[in-house]
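Novice: show me the folded form of this:
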Amino acid sequence: MPLAASCDTAILRFGMTTELRTAPAVDWPTLGLALGIYAAFGLLTWFNNVLPWWLVAPLGGYIVALHGSLQHEAVHGYPFPKSRWLTAATVFPSLWLWVPFSYYREAHLAHHRDDRLTCPMTDPESYYVTPTRWATMGSFHRLLRRWLTTLSGRLILGPPYTVWRAACRLFDAFRRWDKPHLAQWLGHLPAVALVLVWVLGVCRIPLWEYLLLYVYPGLSLTLLRSFAEHRAAITVGERIATLETNPVMGLLYAHNNLHILHHVEPATAWHQRPARYRARKAELDAANGGYIIHGYGELFRKYLFRGKEQPVHPFAGRGFPV
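Specialist: Numbers count the residues shown, from 1 in each chain. Modelled structure (predicted):
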């Protein structure tokens, strides 16, 4: 059976993609979360120079990663389900600097083509590569990709590697004069400038310090969430994880750690996910083949220095274009 085969209809036909049409004009919990993030960011950066680095780094990383989770909710229409421009304005400041929201929105919606999940050719969020791509990599790049399959590699090398890949895409867009892609980056400049004016000009935080204490740990925490969200499997549902965790980490990821639920109900707001998961737990656990992870500690114990999987997609060529 090719990997592109449909999953059990028991999963994807319950997707609640039309729910936003009847949603209220404002999702107040999401708007409150946004205001809380910006207030926390403003306070932390304002007092940055009188706080120890070992306190700033975890707090800064948490806030930046939480803002990334807020961007994810904005992709799915929150906090203003009936106004895309107000939703985009809510997440306009780019706290982690590195990627245009419009590009992220486009890529993440492509990721939600569930029948193509993990395919390195059609899933923009896949960390797998095709055999053809692997064959063209140099020995250093292969070593790097193998390390990225470990949790230590994903957390340490993942942030610069992710930014490097974005830079390569931007360079390629210049080379091909890809006007839509270049326009996304041009529109991203004011979002970066707004943050840097505050951080560098008002709060007097050196750029290297902001990158090291805010952006780097924020990206690292984001990559911790995505590390085990998906795996290669024949049945689509079994490619999507459920990761049970505590309220602090659940909030950090806007409960997107309950990832199978999110793919089944992409329009369900973040604050409704825990209750929805509890209501459908037996069904969802069966649908993803028991791909359940009991806390992020389990990932550290199993995969800190051991690869979770091979870099090359194990089913490449069986329903994938390579």
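Novice: what separates residue 49 from residue 153, distance-wise?
Specialist: Residue 49 sits 33 Å away from residue 153, going by Cβ to Cβ, to the nearest Å. The way it works is simple: take the backbone N, C-alpha and C, and place the C-beta from them, glycine included.
Novice: with neighbour numbers in mind, choose between these two.
Specialist: The residue with more neighbours, out of residue 49 and residue 153, is residue 153; 22 against 12, by other Cβ atoms under 10 Å.
Novice: can you tell me the element that one falls in?
Specialist: Residue 153 belongs to helix 151-156 when assigned by DSSP states H and E.
Novice: past that helix, which element shows up next along the chain?
Specialist: Counting by DSSP H and E, the next helix or strand C-terminal to helix 151-156 is helix 158-176.
Novice: and that following helix, what does it pack against?
Specialist: helix 179-196, helix 216-226 (3 or more Cβ pairs under 8 Å, 6 or more residues apart in numbering; DSSP states H and E).
Novice: so which of those is the most packed in?
Specialist: Of those, the one with the most neighbours on average (mean count of other Cβ atoms under 10 Å) is helix 216-226, at a mean of 22.
Novice: find the nearest non-adjacent residue to residue 102, please.
Specialist: Once flanking residues are discounted, residue 102 sits nearest to residue 184: 4.7 Å by Cβ to Cβ, 6 or more residues apart in numbering.
Novice: do you know how far that neighbour is from residue 88?
Specialist: Distance check for residue 184 against residue 88: by Cβ to Cβ, it reads 12 Å.
Novice: now swap in residue 259 and tell me
Specialist: To residue 88, residue 259 is 24 Å away according to Cβ to Cβ.
Novice: helix, strand or coil for residue 55?
Specialist: Residue 55 carries the three-state label helix when classified by DSSP: H, G, I helix; E, B strand; the rest coil.
Novice: pull the helix or strand with minimum mean pLDDT from the chain.
Specialist: Using mean pLDDT, DSSP states H and E, helix 9-12 stands out as the lowest-scoring helix or strand of the chain, at a mean of 37.
Novice: could you point out the helix or strand that follows that one?
Specialist: helix 28-46.
Novice: may I see the buried residues of that following helix?
Specialist: Within helix 28-46, the residues scored as buried using 16 or more other Cβ atoms under 10 Å are 30, 33-34, 37-38, 40-41, 44-45.
Novice: and it, average pLDDT?
Specialist: Mean pLDDT, helix 28-46: 98.
Novice: neighbouring contacts of that helix?
Specialist: Helix 28-46 is contacted from outside by 51, 56, 59-60, 63-64, 66-67, 70, 73, 78-79, 90-91, 93, 95, 198-199, 203, 205, 254, 269-271, using Cβ atoms under 8 Å, 6 or more residues apart in numbering.
Novice: what of stretch 200-215?
Specialist: Contacting residues not belonging to stretch 200-215 are listed as 45-46, 48-49, 53, 56-57, 60-61, 63-64, 95-98, 159, 196, 199 [Cβ under 8 Å, 6+ apart].
Novice: where does this structure dip in pLDDT?
Specialist: 1-22, 317-322 (pLDDT under 70).
Novice: picking up where we left off before, which one's more surrounded, residue 259 and residue 88?
Specialist: residue 259 (25 against 18).
Novice: what's the spacing between that one and residue 193?
Specialist: According to Cβ to Cβ, residue 259 and residue 193 sit 34 Å apart.
Novice: repeat that for residue 27.
Specialist: Residue 27 sits 28 Å away from residue 193, going by Cβ to Cβ.
Novice: please apply the same query to residue 185.
Specialist: Using Cβ to Cβ, residue 185 is found at 13 Å from residue 193.
Novice: residue contacts, the nearest residue to residue 24 once chain neighbours are set aside?
Specialist: Distances taken as Cβ to Cβ, 6+ apart place residue 81 nearest to residue 24, at 7.3 Å, with adjacent residues excluded. Contacts for residue 81 (Cβ under 8 Å, 6+ apart) come out as 20, 23-25, 27, 87.
Novice: please, which helix or strand holds residue 81?
Specialist: Using DSSP H and E, no helix or strand contains residue 81.
Novice: what do you get for residue 109?
Specialist: Residue 109 is part of helix 101-111 when elements are defined by DSSP H and E.
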